[in-house]
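Novice: okay, here's the prediction I keep looking at, along with the sequence it came from:
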Amino acid sequence: MLQLNFLRENKQNIIESLKVKNFDASIIIDQLITLDDNRKSTQQQSDELLARANSIAKEIGMLFKSEKGAEANILKEQSSQIKEETKSLQTTLSDIESDIWKLLVQIPNVPHPSVPNGKSDADNVTIKVVGEIPQLSKNKKPHWDLCSQYQLIDFELGNKITGAGFPVYTNKGAKLQRALIAYFLDKNTDAGYVEYQPPYLVNEASAFGTGQLPDKEGQMYQVTQDNLYLIPTAEVPVTNFFRDVIVKEGEFPIKCTAYTPCFRREAGSYGKDVRGLNRLHQFDKVEIVQVQHPKDSYDTLDVMVSHVASILDELELPYRILRLCGGDLSFTSALTFDFEVYSAGQDRWLEVSSISNFESYQSNRLKLRYKDKNGKNQLCHTLNGSALALPRIFASLIENNQTEKGIKIPKVLQPYCRFDIID
RNA sequence: GGAGAGAUGGCAGAGUGGUCGAAUGCACUGGUCUUGAAAACCAGCGUACAGCAAUGUACCGGGGGUUCGAAUCCCUCUCUCUCCGCCA
C-alpha cells in the first residue's frame, strides 16, 4: 500500500497516474486526508491528556514516598477524571485509524510513467519478439496428445487421486520436469541469486504481508485446522523473509531464488485456457526476488528481464516481451513485463513469466526498510519474477520440438535430462 | 498427543507495581591514541506518530483487564524450548 504522506504530497500526480489503471482516486484521497487531519488532532489531544496523567502519576509516587497520602488522594481523583476523558479519545482514534487502513488498502500502486493506457491484455504493448516460430507438419499435436503418446504426463491418474488440475508426471516427463527445475536454479544462482527452499505453507501474517489477505483468500488453499495457507507462489514465503527487516544500504541488491510448487484454486476458470498444462491447481515454478535501493530498482528490473530472456534464448523457444498496459497491470505493480512463449502445437502464445517492480508498495506493508546516510529509515523497493514457470515451458518445449522421430531436447537441457530425445 | 518452562532493544541478559524506554556485556558507528592495525579510552547507538524545534505520546510476543501508576499483577491467544510418546 501507499504511504499517506506520499498521497498527501503528490495528490494531483497520483490521481492522474492512476487513471492509467482506470482507477479514480480523487474522492478516496480527499477522504484519507480529512481522516488523517482528524487523526492528528485527536492524537494531539489524547497525547496532551496522557502527558498530564503521566506527570500526575509520578507526582503521586513521590508524595507516597514522602508520606503525604492526603495530597496524593486528591491527585488520584484528578487522574481518574483525565483517564475517563482519554478513553473516548482512544476509541475515536482507533476508529479513525481503522477507517484510514480500510481506504488505504483500496488504492492500487501508482503505475510507472512508461505504462501504456489500455483496458485489457489486448492493449499490452509488444516490445520485442525473439526467435522463429517453428513450421510443423500437418500432423502436429498439442502437448496433451504428446503427453499421452509418449507417456510424459498422466492427467487421468491425477484426476483419480486428487482431481482436475493435478497432473502426474511420469517417465521422461518427470525427468524433464526435474531437469528444468535444476537448470533454472543453476542459471539463477550463476547470476548471483541465493538459493532457498522455503516452506510451502505460510501463516496468516505472511499471507497478509504480500497482499493475498484480506481480499484474495479465495485464490489460496487453506489448512483451516492449523490456520495455514498453501503458497500460490514462492513470492509469498520469500518476500516475507524480509518482513519487519531494516537492511543496511551496503547489502543491496538482495537476490533470492527459490523453487516451489504453487497451489491455486483458480475458481471459475474453464475452457481451452485450462486444457492440459495451460492452467493447473498445482504447478512448479522457480521464482526470483530482489530487494533493491529505490534509485536502482528500474535498472534492476531491466537486468531481470534480460536474465529471463537469456534463459529462453538457451531453451531455443520463440518468445515475446510485453509491456503490460494499465488495465492489465496487477494491483500492486508499478511496471510489469510479461514473457510469452509460442506454443506451436496449439498455435498460441503462453505466459511463462511476469516480472514486476513493486517499488515501495509491498515494502510499506511488510515494513521492509533501509537506513539512509542520514540514519533515517526509508522503504526499500521489491521486485520479483518467474524464472520460470514450468508447465507452459514444458508444453511449448514438447510441442515445438516434436518431430517424426520423437521430441528433441534442447542442448542446454541434455546434461540435466541425460537423454536428447523423447521417443 | 501428555507434562513442564519461557517470550525484554541487533544478540546475550538484568529488571516482579512508582523518575524504566528499560541496567550490564557483546556487536555496531564516530573520535582520541598509533606509520597502519589491534588494544585501551571517550562519545553515540530501538521503532512509530505529532512538532521548525525543545519535546510529547505509544510500544518489553498479540489482545483484554486491575491500578492514580504495569515490562512487573490478573485473564486470554499465539509462538518457542525441554522431557515423554509417536514418526520420515
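Specialist: Yes, it's here.
Novice: the residue of the stretch 251-400 of chain A found nearest RNA strand B and residue A:358, how far apart?
Specialist: Using Cβ to the nearest atom of the strand, the closest approach of the stretch 251-400 of chain A to RNA strand B is made by residue A:377 at 3.6 Å. Yep, even glycine has a C-beta here, placed from its N, CA and C like the rest. Distance, residue A:377 to residue A:358, by Cβ to Cβ, to the nearest Å: 18 Å.
Novice: with neighbour numbers in mind, choose between those two.
Specialist: Neighbour comparison, residue A:377 and residue A:358: the larger count goes to residue A:358, with 25 against 10 (by other Cβ atoms under 10 Å).
Novice: could you find the closest non-adjacent residue to the more buried one?
Specialist: In space, and not counting its chain neighbours, residue A:358 is closest to residue A:382: 4.9 Å by Cβ to Cβ, 6 or more residues apart in numbering.
Novice: part of a strand, is the one you found?
Specialist: Yes: under DSSP: H, G, I helix; E, B strand; the rest coil, residue A:382 sits within a strand.
Novice: so who does it touch?
Specialist: Residues near residue A:382 by Cβ atoms under 8 Å, 6 or more residues apart in numbering: A:239, A:242, A:289-292, A:358, A:362-363, A:366, A:368.
Novice: and what of residue A:171?
Specialist: A:150-152.
Novice: that older thread, nearest residue to the residue of the stretch 251-400 of chain A closest to RNA strand B in space, please, no chain neighbours.
Specialist: residue A:369 (4.4 Å).
Novice: residue A:246 too?
Specialist: residue A:369 (5.0 Å).
Novice: give me the number of residues near that neighbour?
Specialist: 19.
Novice: check residue A:44 too.
Specialist: 11.
Novice: could you do residue A:174 as well?
Specialist: 13.
Novice: residue A:361 now?
Specialist: 25.
Novice: now swap in residue A:261 and tell me
Specialist: Around residue A:261 there are 14 residues (other Cβ under 10 Å).
Novice: my guess is it contacts residue A:284. True?
Specialist: Yes: if you go by Cβ atoms under 8 Å, residue A:261 and residue A:284 touch, sitting 5.5 Å apart.
Novice: neighbours of residue A:125, how many?
Specialist: Counted with other Cβ under 10 Å, residues neighbouring residue A:125 total 13.
Novice: which residues touch it?
Specialist: Contact analysis of residue A:125 by Cβ under 8 Å, 6+ apart lists A:116, A:322-323, A:325.
Novice: which helix or which strand is home to the nearest residue to residue A:256 once chain neighbours are set aside?
Specialist: Nearest residue to residue A:256, sequence neighbours excluded (Cβ to Cβ, 6+ apart): residue A:289, at 4.6 Å. Element membership for residue A:289, per DSSP states H and E: strand A:282-292.
Novice: helices and strands around that strand, which ones?
Specialist: helix A:171-190, helix A:235-240, strand A:254-263, helix A:297-315, strand A:381-389, helix A:390-400 (3 or more Cβ pairs under 8 Å, 6 or more residues apart in numbering; DSSP states H and E).
Novice: what residues sit buried inside the fourth one?
Specialist: Residues of helix A:297-315 classed as buried under the neighbour-count rule (16 or more other Cβ atoms under 10 Å) are A:297-298, A:300-301, A:304-305, A:307-309, A:311-312, A:315.
Novice: next one: residue A:307 from residue A:290, what distance?
Specialist: For residue A:307 relative to residue A:290 (Cβ to Cβ), the value is 10 Å.
Novice: for chain A, what's the longest helix?
Specialist: Determined from DSSP state H, the single longest helix within chain A is helix A:26-65.
Novice: would you indicate which residues of the next helix or strand after that one are buried?
Specialist: Counting by DSSP H and E, the element after helix A:26-65 in chain order, helix or strand, is helix A:69-104. Under the neighbour-count criterion of 16+ other Cβ under 10 Å, helix A:69-104 has A:72, A:79, A:82, A:86, A:89, A:92-93, A:96, A:100, A:103-104 buried.
Novice: ok, and of these, which contact RNA strand B?
Specialist: The overlap between the buried residues of helix A:69-104 and the neighbours of RNA strand B (Cβ under 7 Å from any atom of the strand) comes to residue A:79.
Novice: and which of the buried residues of helix A:69-104 is nearest residue A:212?
Specialist: Sorting the buried residues of helix A:69-104 by how near they are to residue A:212, with Cβ to Cβ, puts residue A:104 at the top with 17.2 Å.
Novice: nearest residue to that closest one other than its sequence neighbours?
Specialist: Nearest non-adjacent residue to residue A:104 (Cβ to Cβ, 6+ apart): residue A:1, at 5.1 Å.
Novice: RNA strand B contacts on the stretch 301-423 of chain A?
Specialist: A:369, A:371, A:377.
Novice: what residue ranges in chain A are flagged as low confidence?
Specialist: Residues of chain A meeting the criterion pLDDT under 70: A:69, A:268-272.
Novice: so residue A:75 touches residue A:60, yeah?
Specialist: Yes: with contact defined as Cβ under 8 Å, residue A:75 counts as touching residue A:60 (5.2 Å).
Novice: buried ones in stretch A:218-230, by neighbour count?
Specialist: A:220, A:222, A:228-230.
Novice: and the stretch 1-150 of chain A, which residues reach RNA strand B?
Specialist: So the stretch 1-150 of chain A meets RNA strand B at A:5, A:40, A:43-44, A:46-48, A:50-51, A:53-58, A:60-61, A:64, A:75-76, A:79-80, A:83 (Cβ under 7 Å from any atom of the strand).
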